[in-house]
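Undergrad: sequence first, predicted model second:
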Amino acid sequence: MRITRRNCLRFSLLLPLGLVPIASRASDQPVRRVEIRRFTYSAEVLIIKAGDRVEWVNADFAPHTATAEDGSWGSGELAKGESASLAFDQPGTFPYFCAFHPHMTATIIVED
């Protein structure tokens, strides 16, 4: 995830929600990868544990995003070969979509 003013603002908004973007730091958190290919997310429903992080990797030719349905978090634009990740620290259900292609949807379920 690129560090920009916009992402810094997003980061400050995500902290109270228990969602923390991971730029590039070593971590003991398990990482669950979601590949974006052929205008779909590789996992329609992804069940993870609190504290895990999800990495989205764009393997498609078109740009994509992973954007929370309620707008509370997002990957930003991912060009082919780019990736972004978020840590999910609080249990809950987090539906998301691609801002460029709203028919692309998926859900992350975070359990204790």
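TA: Right, received. Where do you want to start? Numbering: from 1, shown residues only.
Undergrad: rest of the way, CA atoms for contacts and neighbours
TA: Fine.
Undergrad: so Val54 versus Ile48, what's the distance?
TA: 9 Å (Cα to Cα, to the nearest Å).
Undergrad: list the beta-bridge partners for the closest residue to Gly74 other than its chain neighbours.
TA: Spatial nearest neighbour of Gly74, excluding adjacent residues (Cα to Cα, 6 or more residues apart in numbering): Thr67 at 4.1 Å. For Thr67, the beta-bridge partners are Gly74, Phe97 (DSSP bridges).
Undergrad: which residues touch Thr67?
TA: Trp73, Gly74, Ser75, Gly76, Tyr96, Phe97, Cys98, Ala99 (Cα atoms under 8 Å, 6 or more residues apart in numbering).
Undergrad: isn't Gly81 up against Asn58?
TA: Yes: assessed by Cα atoms under 8 Å, Gly81 is found in contact with Asn58 at 5.4 Å.
Undergrad: out of these two, which sits in the more crowded spot?
TA: When Gly81 and Asn58 are compared for neighbours, Asn58 comes out ahead with 25 against 12, by other Cα atoms under 10 Å.
Undergrad: contact partners for the more buried one?
TA: Contacts of Asn58 were listed using Cα under 8 Å, 6+ apart, and they are Glu35, Ile36, Arg37, His64, Leu78, Ala79, Lys80, Gly81, Glu82, Ser83.
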